[in-house]
Structure formats: structure tokens, C-alpha cells
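# Requesting a structural model of the entry that follows:
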Amino acid sequence: MARRYGQLKTVALDERDYGLPRAFNRVTSHRLGVVFIIILALASLTVIKVKPSTTGSEIVFEDSGALIDSPSEDVEICVSNIPPAARPPAPINPWASVTIDETVEIQSWLLSPPRNLNLTRGDAARPSDNSIYMIQAYYPPKADVLKYFSSLDPLDAPARFARVTIHHGAALEPVIRDYLVGPLPVTQDTEMRHLTEIYHTETLPYNARGYDALDWNVPEIYTKIAAPLTDAYKELLGGLPNDTLVAGGAGPFSFDGSFRRFWLNWQRDTPGFWLHPLNLWQYVDVSGTDPSKWDQLKIVYNHQVFDTAESFMDAFRNGTLKRVPPVTKKEEDLSWSTRERIGALRDLDNLPGPRSVSFAGLRYRVDRDLQYVSWMGWGLYLGFDRDMGLNLWDIRFRNERIIYEILQADLCNTAGNDPYKSSTALLDSYFGMGQSVRDLLPGYDCPDEATYLPATTFSATGTMTRKRAICIFEQDSGRPITRHLGFERSEFGAVKGYQLVIRSIATFEYNFHIDGTIEVRVSASGYLLSGFWDDEQGAYGSKIWNTTLGSLHDHVINFKVDLDVGGTRNSLLKTTLGQEVTNQPWFDDDWGEEVIQQRITREYIDSEDEALLKFPTNFQGGYTIVNTNETNKWGIPRGYAIHPGYSPVYNTVVGSKRLLKNANWARYNLAVSRRKDNEPSSSSMWNFNLPGAPPVDFHKFFDGENLTQEDLVTWINVGMHHIPASEDVPNTRTNTAASSFFLTPFNYFDYDVSIESANAILLQPPTKPGDPFSYTDYGVRPAHCVPQPPAPFEYYPEKVYDLDGKPAPPSTVEEMRKASELYLRLKFEP
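Got it, this is the predicted structure:
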């Protein structure tokens, strides 16, 4: 039975329908209502069934002038969104995170008397105690992993170790130490040793220690810093700490570890407090381990500097303080910084937008236990750690390893004409890019049918697990990856541009394409770290509210990419595009014999000293990792090119003491060095507070070693120069605050391998004028079924476990804020 469907009529919100009478006859209306009820009753008796079309692939269009009859089969319900099981190349994930049970076991072992570490539990420790700050997996040497993957002999499986950070606050000379603990699980063979080989400094100064809320919430902070200024807070800022005001700190806290100090700024404690800075800053010294010695060093108000609280309060009381005009009634409405919807409803915006449905079932495979994913010839393991968050390992395409690892590091540098903004240069690994991850929003951060994977990280006070830390989904890019209009046989067609996306915190994502290309993309959204606006701030950003400055800043994110092109022995090829003037005898006098044309210059970069790189002007050329011992069918060395994507930037500021040496990698678009297991990252969490003496000095990776047919690592930067505008309120937008790069085959294959895809169409020209084109779709026909309804939206806080591995009581909102916003929102303890 043929079915025909009428098009649903949509009416604009302001559109009048002139085609219908103003009112129906009441009798007619009643009859129509009865008929409508009968139709609904009959429809409810219909059995809904689904059967995808699997008929032949050779089709010729017929010009019937009418709708084509649909199949006679009834429509079934679509299959569930559960991915089929993957088949990892090995039965273990060598880069798996430490489990909750393992962290408990490691802590118990470290707390035992034979270790003689004099440890205090992290949930009760003070700065003057010894305590465990961090436990996370320490990744095995590459050679050990490759040996195991080659043999798959359990005896070759790399030993499992943990990196443990201990704050030795009780030592005569307090210090931070990283230790290597293993092999795991803990047995009589487990040992610990001081982990030093990954650093360029002998010690980690205690003043550069990890963030600890107890540092900022001891009573001495309130007594010495806040209490003396109570009257000024109330009159100048319109409130009191922990009431309508909240503080935030700027970092880094030290230059070389000889002190631990920071600028404190004040903000209105209101939704979107980031956008409500006030015109008062205090410079605070929290050096050492004795809070009784912590003190206030400076106060700045409205560009006036005071060395003591007494001198500031004297000026406040005697009328010599130059005051900021009071807040007006209009400015008291702070709702502009919330995310509540405002404005008129747009036409048709009351309807839900389109959503992605895999009608024939998901086409990617997942092993949840091993965190392994495969899709369309791709396969890879996932890792996750506290410092860097999501990382990718052993990335293979068409059964060949393309990349051994991809890791990330991050920087944000702000500008401003106030103490807070001009002294902020953040390195997010200090705060933990993985530790900061929270669950993704289903249907918003990722499509409804996405698959989610969990992640677990350890902190000084317990362990946190997120159920939806990572999402995986396939998407139709909406455009073919290749297509051509042609009129000879088999030259007209297209291949669908499907992609697999692996994403975390809606910011870091990896897009895998069917031609062997990987796009690494970063996008940013959230509240600006803003400043107080006055007429002297114009050179440092934009006014985005009456008293709010959208501060100019850079984001630079560094990715470590260990490409293995045809094996681990690779070289760095530089390609330059230029022009030449040449004479050609075959041109006649109409044009003359002289020709100006493009030409390619290729050269290999042989030394690390020449491998700190920027993309050429106008992108006239680029860089490729090649294997000169492996060629394609045409005798060209197989390679993978590094293509800049959107916004390929490097850091603007060079020479600032707050970024003197700790983020040298941010000065370039990319760099290439010899791979070493003792150079696991371009930075470290300790670099943030040690810009003058960084434990990891990226420039020291480059010591003149040979790059010809060696195991190479490429360090690639993405980011943005963020000049804020009013459209950054309330939050920055991911469409423009984005950056990316591509890793794409460059003579790696003999042809474009996306042509292998069966999700393609090939058209043949008509044999008779006026006839339609015939086509083949390789037997892959559009599936048709009734999609399962999206799961009801729900969002729960992350699950927290105490140091004994037992579920902790549910966190209060304030506890969740402290864990997430850290020292950027400080509530003092009186």
C-alpha cells in the first residue's frame, strides 16, 4: 500500500494565516474532532516494525512525477545505542589509570612503618606536615610496550608503576619529592625511589608545592588580611568577605621557589562572579609552613599603593583616599552575568533541532574495561591522568601504527593595568587538566547517542570518578570527503565524510577521518577572567559592562605527538614554496619566453638546534615527518604532514619574568626533538610556580642531537589571541574561540584510501539523451527505523571516595565549588 505524506506547515511567530476563515463552523469543527479521534485510535492499533532496505545496489531513476511508493514492510524500532565489543591488539592497556583500589593499596604501603615517611593523611594535613599530594600512573618505556605488543607474551608485559608526589612539609628543609612506586600491585617486590630523571632541577622547592585549599583557609589569612579592612570592604566594595564579596588569587606564586606570594582580588559573590571584579587588590605572603608568619605586603586601591593595612585605613578614614564612584541603582542588577535565557523567542526556536541517529546501529567498537576504541580501520587506547587529562596511545590505521602517543599541556597569559591581571600567567597542568574535568552534558556537549567512558583521578583528600568524562560518537560532517562531477564512465561520484569524534570537557577533541587524517581541535567556552574597568584599561582589553574589563589574553595549548611513520625511525622534511623566473623555448612571441612560476624546495632538518619552528609566511610550505627508508609505490618517502588548522598561534609575550623559562614551548608553532622516555611532557605541574627555574625546561630538550632517521617527537601548538568583546558575555563561544591542526597522510599511501569506503555513490552518464544518470551505492542503502527516544536529561555530581576508598558523603554545593574553582574563588575561614 502506497503511503503519502503531507508537508507539515510551519508558521512564523509573527505570521498571520490569511488562507483560512476566521472561525470554523461549530458543527464542522466537532465532526473533524470525531474523525481525528477515530484516526488516532486506528493508528494506535498499527504494529510498528522496522526492516532496513537491503535490496540491489544498481538503480535507475524513473520520472514518475509523483511520490515513490514506500516499501510494504512495516517500520521497526531502531537498535539500541550500545557499541559492539572492540578487539584490542593486546589484552591489557599499558597506559590505564590507577584504580581506586590501587591508590588505597599504595597509600597503605606508604603509611606503613617500614617506609618511615612520617605521613599525615591528606584530609587532615597542614602545610607543616608530610602528606601524599598525588598518585597517578607512570607510563612505561616505549621500547617495553612495543616489545610486548610485538610478542603478546605475558612475560613481556611492561611492569606497572605509579608516580607519587609527597609534600615533605615536616622536613628540616621542606621540599617536594616525586617517587616511582612499583611494580604494582603491591607485593614484597614493590619498591619506591626518588623520581628525578624527568626533571632538569635537583629539587622541587616547597614554596612551589601543589594547590591545597588548607593553605588559603587557615584562620590566619582572615585575621591578618581580611579583618583589618572590614570597614573599607563594606563602604568601598559594598559588602563583606564570605557575604557579598569573594576573593580570588593570581599566579604564579613564586619565581624560583624562594617565596610563595600572590595578589588577591575581590569580586561580587554573585552568579558569574568572574565578571564582577572590584577595585581593590592585596599582595599576600604565604611562604613557608608557619601560617603565623604569613602576612600582607601591599594594598592597591584605584591605582593608589599602600604598604600596610594601617596606612590604607588611615587614608580611608581621613579623606585622602581617591575613591571610585559608588555603584548606581542600575549597576546593582547583576543578573546580566547569568546564563538564563533572555530576549524574544526566535522563529521556530520552540521546536527541538535535528539530532544524529545511527539508524543501522553504531559503527564504532568500544572495550570499556581496556578503554580501547576502533572505527573504520582506526584503533587506539585511551589514557587519562590528573595533570593532562585525556591522552591517546597506539593509534593505528589499517593495521599500521601511525602515532604512539598524543598528550597535551596548556598555558593562559593575561594582560591588564592592575596587579591581578598583569601578574597572571596560568599553566593548567598545575591545577590538573584531568582533575578539573567534570561530566559532559548529554545532548549538549555530545550527541544523544554518544558513548561515554569514565575517568578517575586522585587528590590529597580522596578520589573522584566521573561517569561521563569522555564521549565517543560518529558524525556526518554534512559534506563529502571527496566528490567530482564527470561525464566519462566512473568519474562522477562522492564519498561520505563521516568522522569519529573522541571528546573531553567539550574542549579537547580528536576527529578521525576515513582517509587517515586526524584533526586535533581545541575550543574554549566559559566565563572570562575579567578585570576592573576604568579609563586606563583600554589598551588591555574591552569594556564589557559598566565596571568590567574583558582582559586581553593568549591561550596556547601544546600537544606532544609521537608519530611513527612506517616504524620508529623518521626524519623531518621541510617544504618551502617559492617562485622562479625561467625561460621556456616552447612559448611563442605572444607571451614571451620568460615565465614566473611556483616551485618547491625540499630539505631535511638534521639537527634539533634547527627544529624550533614557525609556520612560513602565508603558509607557503610546511613540515612532514617521513621515513626515508620506506617509500610508497611511486618511490616517494612515506610521510605524515602537520597541517595548521584554525588559528595556528604562538604566545605573544616573550621575556616576561612570569613566563621566563617555564613555557618556552609556547614561543613556536611547532618543534621536533628526539624522543626520550625522560622527556614525557613539554612542561610539568611544578613549572607554574617556578618560571625562573623550571623543573622541565623545554629548551633543554634541544641539544643538537641528530634528527635523521631517529625516533622523533613533534610538539605542536594551537591556541588563540583572545581580544574579548561584549559578545563574550556571559560566556565565550566555541565557534570562534577555537584552534586546530591536522595530521594527514602525505605520500604515505599509494592513493587516497577514502575511496575504499562503501558509503559512497558512483554515477554513470545516461546512454540516451534525456535519460537520468544511473548509479551504484555499493549495497549500502539508507536504513529506516523509528529511533529510540533520547534518555531523559539528568546530571549528577561526580562520585567522590575518601582516602580509604569508601564512598564519601555527597558533596555540598560549596564543597563542589572549592574543588572546581580552587584559589580563583576563596572563602576565608574567620
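# Just give me the residue right at the centre of this structure.
Centroid check for the chain by CA atoms, centre = their mean gives residue 508 as the closest residue, at 2.3 Å.
# Let me know whether that residue touches residue 407 as I believe.
No. With contacts counted by CB atoms under 8 Å, residue 508 stays clear of residue 407, the gap being 11.0 Å. For glycine as for every other residue, the C-beta is placed from the backbone atoms N, C-alpha and C.
# And the helices in the protein, which stretches?
26-45, 100-111, 142-151, 213-217, 219-221, 230-232, 309-318, 428-431, 813-821 (DSSP state H).
# mean pLDDT lowest for which of the ones you listed?
Set side by side, these differ in mean pLDDT, and helix 26-45 is lowest with a mean of 39.
# sorry, back to before: show me what the residue nearest to the centre of the chain bridges to in the sheet.
residue 504, residue 522 (DSSP bridges).
# roughly how far apart are it and residue 474?
Distance from residue 508 to residue 474, counting by CB to CB, to the nearest Å: 18 Å.
# do the same with residue 211
With distances taken as CB to CB, residue 211 is found 38 Å from residue 474.
# Local confidence estimate at the residue nearest to the centre of the chain?
Among the per-residue scores, residue 508 holds a pLDDT of 91.
# tell me the contacts of it?
Contact analysis of residue 508 by CB atoms under 8 Å, 6 or more residues apart in numbering lists 389, 390, 408, 521, 522.
# Just the closest of the residues you listed to residue 634, please.
Proximity of the contacts of residue 508 to residue 634 was ranked by CB to CB; the top entry is residue 521 with 31.6 Å.
# nearest residue to the closest one other than its sequence neighbours?
For residue 521, ignoring the flanking residues on the chain, the nearest one in space by CB to CB, 6 or more residues apart in numbering is residue 740 at 4.1 Å.
# Contacts only, for the one you found.
The contact partners of residue 740, taken as CB under 8 Å, 6+ apart, are 519, 520, 521, 522, 645, 646, 647, 718.
# rerun at 10 Å
Residue 740 sits next to 509, 511, 519-523, 643-648, 718 when contact means CB atoms under 10 Å, 6 or more residues apart in numbering.
# again, but for residue 610
Each residue near residue 610 by CB under 10 Å, 6+ apart is listed here: 572, 574, 672, 702, 704, 707.
# What's opposite the residue nearest to the last one when sequence neighbours are not counted in the beta bridge?
The shortest distance from residue 707 to any residue other than its chain neighbours is 5.3 Å, reached at residue 572 (CB to CB, 6+ apart). Beta-bridge partners recorded for residue 572 (DSSP bridges): residue 605, residue 625.
# Do you know the pLDDT at residue 50?
With respect to pLDDT, residue 50 has a value of 34.
# same thing with the one 3 residues further on?
Reading off the confidence values, residue 53 has pLDDT 35.
# go on, the one 4 residues further on?
Taken from the predicted model, the pLDDT recorded for residue 57 is 41.
# from what I can see residue 222 touches residue 241, true?
Yes. Under the contact definition of CB atoms under 10 Å, residue 222 touches residue 241, with a separation of 7.4 Å.
# Between these two, which has more neighbouring residues?
Comparing residue 222 with residue 241 by neighbour count (other CB atoms under 10 Å), the higher total belongs to residue 241, at 22 against 16.
# Tell me, how many residues neighbour the closest residue to the more buried one other than its chain neighbours?
Take residue 241 and drop its neighbours on the chain: the residue closest to it by CB to CB, 6+ apart is residue 226, 5.0 Å away. Around residue 226 there are 22 other residues, counting by other CB under 10 Å.
# Ok, residue 609 next?
12.
# OK, contacts around it?
Contacts of residue 609 were listed using CB under 10 Å, 6+ apart, and they are 702, 703, 704, 705, 707.
# From residue 569, how far off is the last one?
Just to be clear, that refers to residue 707. Here the distance between residue 707 and residue 569 works out to 11 Å (CB to CB).
# Neighbour count: these two, which is higher?
Ranked by neighbour count (other CB under 10 Å), residue 707 and residue 569 place residue 707 first, with 21 against 16.
# Distance of the more buried one relative to residue 535?
When CB to CB is the yardstick, residue 707 and residue 535 sit 52 Å from each other.
# Run through the residues that contact the nearest residue to residue 690 once chain neighbours are set aside.
Counting by CB to CB, 6+ apart, the nearest residue to residue 690 once its immediate chain neighbours are dropped is residue 208, at 5.1 Å. When contacts are counted by CB under 10 Å, 6+ apart, residue 208 touches 175-176, 252-258, 260, 430, 685-690, 693-695.
# What's the per-residue pLDDT of residue 208 here?
The pLDDT attached to residue 208 in the predicted structure is 96.
# If any of the contacts of residue 609 are buried, put those into a ChimeraX selection.
Written as a ChimeraX command, the selection of buried residues from these, which uses 16 or more other CB atoms under 10 Å, is:
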select :702,707
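# For the contacts of residue 609, give me a markdown table that also has distance to residue 308.
As requested, the contacts of residue 609 are exported to a markdown table (distance: CB to CB, whole Å):
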| residue | distance to residue 308 |
| --- | --- |
| 702 | 47 |
| 703 | 49 |
| 704 | 52 |
| 705 | 54 |
| 707 | 57 |
